[in-house]
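Engineer: Build the 3D model from these lines:
(one chain, ligands or ions: 1)
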Amino acid sequence: MAASEAVLQVVCGSSSYDFHSVRPNKSKGCKTRRRSSVHVQAQISSRPFYASHRKHVFHGTNKLESLVCNCKRVENVNGDANNDHEGARSKFDKRQNSGSLDQIVTDNGGFTSKDKLHIDGLNRDSLHKVGENSVEDEAWDLLRSSIVYYCNNPIGTIAANDPSSTVILNYDQVFIRDFIPSGIAFLLKGEYDIVRNFILHTLQLQSWEKTMDCHSPGQGLMPASFKVRTILLDGGDAATEDVLDPDFGEAAIGRVAPVDSGLWWIILLRAYGKCTGDLSVQERVDVQTGIKMILKLCLADGFDMFPTLLVTDGSCMIDRRMGIHGHPLEIQALFYSALLCAREMLTPEDGSADLIRALNSRLVALSFHIREYYWIDMRKVNEIYRYKTEEYSYDAVNKFNIYPEQIPPWLVEFMPSKGGYLIGNLQPAHMDFRFFSLGNLWSIVSSLATAEQSHAILDLIEAKWAELVADMPFKICYPALEGQEWRIITGSDPKNTPWSYHNAGSWPTLLWQLTVACIKMNRADIASKAVQIAERRISKDKWPEYYDTKRARFIGKQARLFQTWSIAGYLVAKQLLANPDAAKFLINEEDSELINALSCIISANPRRRKRGRKKQSFIV
Ligand code: GLC
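Structural biologist: I've put the predicted structure just below:
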């Protein structure tokens, strides 16, 4: 263990712990394990009061508090000091409590409660025999059955709960990005515990010891996923220990860095505060530190010339090689959104002035860069078509030296006369013209795109419905990489064959981001239409992870069934369409200071103004 690490002990017992009791405690002498995990040790024999120990290892940070779990009797859970909103006390708390005495030893995603086993035992086909309006009820049952428990408390949802799948891979884990729609569905339902637990436990994992082949990724990185394992302790007294096992990409296929995890975590944290009205979580010292660590990692100086975040391939929802290394739109939209959310939540204190200044400058530069250089529509394609190249000067129009020959033939057909979108990536001499859905949708949600651009993106979605929605919403990107391009860019990936999986497969989970974007622009009818299409078959098809073919006609060849974020994505879309006001928990409205700063940059831009000033910097 590194010298800077503080080993903190947490005493936890019974089936409920209180995250609100945070006390400085530098107690030493905790036993440690070689593996970096969170442990909960439970003496099953002494229920309902059982003792357990959790050890936290923090290093290189100022998180020197320990969490003290105040143990309570099962029957006291509903009236505890966790600041829960009474009405919000979830049914699953009761379910979980009733099952807590029958915990089994498992390493399978922490599915440890009796009730979970009961739901697993349901004849899933019977779920489809119920009336048409019960798709939502079925989705709720399935979502609840995907809940993972840690120390007998709900902490997240498993990625997929597919009984027919023989190869589990890491689908038995709680993925940070996959949990976002689950968390939002629970928030909108008034069930807050699981979201708070998720936020606080993943925060503990953030500062975990993590290495890959002797290399430690940056402080502040959030894991891609984690798993709860309940292990039997030596001693023969049926005592068990819950272990949280994070994966920072060091075990993931391709060893991809989960850049989006921390960004989503910040977005969920803000949604939690807005939805519950309980700001005490975001105001906690350790949570504030967690936010700052993510920001510092993202705002750290590097070699970049652009304000966009430079990442490796597969660092987001598309977590395999798909030619999205560099400055992919999805990451930029999440980054922008997370910066805005963080700015809202950071409590002013002396030490954070520089960070806030850096954050503000980045927001301005990032929105200018994306709005100006990622945007394409008919007018812009025409401009690129006539670009002069090899312009060496401060005043170049074709700043990135894009050769017009790069305009792909499909774009000529795809670009509608009304509408436009943000391209997938921009690098020196390279524009990735593919349409990436999540990046475009989240640019609307976060106001990274202007209002005009946001409407144009939705116009394009309407105009290109057959390409982007067809038989199942929503294509992850358009079009597919085929032939030689597929061979070179994906490395002949047999999972990412054309019109499948990340290579232009259709992902029902994207329904929720589509819905938030449509509601923000007062065009909810587009999302309603998409939801109706999904409803025709998603339940009959057993909630697949993705669909294949140009029109999304087939269930994805290697798709998991009962994929949790397909279920949760559908539920969030339904909830928001029924109560569009609730979308404001997720939306970032455009900020007037930013608009002012942007208009200064735009008026100083040589493309819009005659050449003059060489360089200008703006600090908001
Ligand atoms: C796939 C997806 C990724 C998701 C994971 C778990 O790897 O590409 O975005 O988080 O499955 O569902």
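
Engineer: interface residues of the chain facing the ligand?
Structural biologist: A159, F175, R177, D178, M317, D319 (Cβ under 6 Å from any ligand atom). C-beta here means a position set from N, CA and C on the backbone, and glycine is covered the same way.

Engineer: the strands in the stretch 101-250 of the chain, which residues?
Structural biologist: 147-150, 153-157, 174-175, 225-232, 240-247 (DSSP state E, counting those that start in this stretch).

Engineer: so can I have TSV of the ones you listed showing distance to M293, mean neighbour count and mean pLDDT?
Structural biologist: TSV is the format used below for the strands of the stretch 101-250 of the chain (distance: least, Cβ to Cβ, whole Å; neighbours: other Cβ atoms under 10 Å; pLDDT from 0 to 100):
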stretch	distance to M293	mean neighbour count	mean pLDDT
strand 147-150	22	26	96
strand 153-157	21	28	97
strand 174-175	20	28	97
strand 225-232	17	22	92
strand 240-247	15	22	90
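
Engineer: Would you reformat those as TSV and include distance to P258?
Structural biologist: Shown next, in TSV, are the strands of the stretch 101-250 of the chain (distance: least, Cβ to Cβ, whole Å):
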stretch	distance to P258
strand 147-150	18
strand 153-157	15
strand 174-175	9
strand 225-232	8
strand 240-247	8
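
Engineer: what bits of the stretch 301-450 of the chain have low per-residue confidence?
Structural biologist: For the stretch 301-450 of the chain, no stretch is flagged by pLDDT under 70.

Engineer: Please work out the residue of it nearest to the ligand and name it.
Structural biologist: M317 (4.1 Å; Cβ to the nearest ligand atom).

Engineer: Quick one: residues contacting that residue.
Structural biologist: R177, D260, E330, L438, I476 (Cβ atoms under 8 Å, 6 or more residues apart in numbering).

Engineer: same thing with I538?
Structural biologist: For I538, the contact set (Cβ under 8 Å, 6+ apart) comprises V135, M472, P508, P544, S566, Y570.

Engineer: Which residue would you name as the spatial centre of the protein?
Structural biologist: Nearest to the mean C-alpha position of the chain, by Cα atoms, centre = their mean, lies R177 at 3.0 Å.

Engineer: That one against D260, yeah?
Structural biologist: Yes - contact criterion Cβ atoms under 8 Å: R177 and D260 qualify, at 5.7 Å.

Engineer: Mind listing the shared neighbours of the two?
Structural biologist: Any residue near both R177 and D260 by Cβ under 8 Å, 6+ apart counts here, and that gives C316, M317.

Engineer: ok, the residue in the stretch 1-150 of the chain that the ligand sits nearest to - how many residues close by?
Structural biologist: Residue nearest to the ligand within the stretch 1-150 of the chain: S146 (11.4 Å; Cβ to the nearest ligand atom). S146: 27 surrounding residues under other Cβ atoms under 10 Å.

Engineer: for R386, same thing?
Structural biologist: Other residues near R386 come to 8 when the count uses other Cβ under 10 Å.

Engineer: Look up how far W375 lies from it.
Structural biologist: To W375, R386 is 17 Å away according to Cβ to Cβ, to the nearest Å.

Engineer: what does C600 give?
Structural biologist: 19 Å.

Engineer: And for L203?
Structural biologist: Taken as Cβ to Cβ, the span from L203 to W375 is 36 Å.

Engineer: got it, and D141?
Structural biologist: D141 is 43 Å from W375, by Cβ to Cβ.

Engineer: Have a look at the two and say which one is more surrounded.
Structural biologist: W375 (20 against 16).

Engineer: That one bridge partners, please.
Structural biologist: L422 (DSSP bridges).

Engineer: correct me, but it touches G420?
Structural biologist: Yes - the criterion here is Cβ under 8 Å, and W375 meets it with G420 at 6.4 Å.

Engineer: Common neighbours of the two, please.
Structural biologist: What both W375 and G420 touch, as defined by Cβ under 8 Å, 6+ apart, is the set Q453.

Engineer: give me the number of residues near the residue in the stretch 351-500 of the chain that the ligand sits nearest to?
Structural biologist: The stretch 351-500 of the chain approaches the ligand most closely through I476 (8.7 Å), counting by Cβ to the nearest ligand atom. Neighbour count for I476, taken as other Cβ under 10 Å: 23.

Engineer: Can you name the residues that contact the closest residue to it other than its chain neighbours?
Structural biologist: Closest residue to I476 apart from its sequence neighbours, by Cβ to Cβ, 6 or more residues apart in numbering: W507 at 5.1 Å. Residues in contact with W507, defined by Cβ under 8 Å, 6+ apart, are F474, K475, I476, E545, Y546, Y547, S566.

Engineer: Out of the residues you listed, which is nearest to P404?
Structural biologist: P404 has its nearest neighbour among the contacts of W507 in K475, at 26.5 Å by Cβ to Cβ.

Engineer: And that closest one, its phi and psi?
Structural biologist: The phi and psi values for K475, taken as degrees, to the nearest 10, are phi -60, psi 130.

Engineer: same question, Q563
Structural biologist: Per degrees, to the nearest 10, the backbone of Q563 is at phi -80, psi 120.

Engineer: what about it, how many neighbours?
Structural biologist: So Q563, with other Cβ under 10 Å, has 28 neighbours.

Engineer: how about it, what does it touch?
Structural biologist: By Cβ under 8 Å, 6+ apart, the contact set of Q563 is A159, A160, D162, T509, W543, P544, E545.

Engineer: Swap in 7 Å and give it another go.
Structural biologist: By Cβ atoms under 7 Å, 6 or more residues apart in numbering, the contact set of Q563 is A160, W543, P544, E545.

Engineer: Angles on the backbone of the second one, please.
Structural biologist: What that stands for is W543. Main-chain torsions, W543, degrees, to the nearest 10: phi 50, psi 60.

Engineer: Spatially nearest residue to it, not counting backbone neighbours?
Structural biologist: Take W543 and drop its neighbours on the chain: the residue closest to it by Cβ to Cβ, 6+ apart is S566, 4.7 Å away.

Engineer: Just to be sure, that neighbour is in a helix?
Structural biologist: Yes - according to DSSP: H, G, I helix; E, B strand; the rest coil, S566 belongs to a helix.

Engineer: And for K292, the neighbour number?
Structural biologist: 19.

Engineer: picking that back up, wait, the residue nearest to W543 touches L511, no?
Structural biologist: No - judged on Cβ atoms under 7 Å, S566 makes no contact with L511 at a distance of 8.6 Å.

Engineer: Show residues contacting stretch 363-382.
Structural biologist: Residues contacting stretch 363-382 (Cβ under 7 Å, 6+ apart): 306-308, 329, 332, 336, 339-340, 407, 411, 415, 417, 419-423, 426, 448-450, 453, 456, 594, 597-598, 601, 618, 620.

Engineer: Show me which residues of that stretch are buried.
Structural biologist: 363-371, 373-377, 381 (16 or more other Cβ atoms under 10 Å).

Engineer: With stretch 270-283 instead?
Structural biologist: Buried positions in stretch 270-283, judged by neighbour count with 16+ other Cβ under 10 Å: R270, A271, Y272, G273, K274, C275, T276, D278, V281, Q282.

Engineer: Run through the stretch 51-200 of the chain and note the low-pLDDT ranges.
Structural biologist: By pLDDT under 70, the low-scoring segments of the stretch 51-200 of the chain are 51-133.

Engineer: which residues does S566 contact?
Structural biologist: S566 neighbours (Cβ under 7 Å, 6+ apart): P508, T509, I538, W543, P544, E545.

Engineer: Closest to the ligand out of those residues?
Structural biologist: E545 (6.5 Å).
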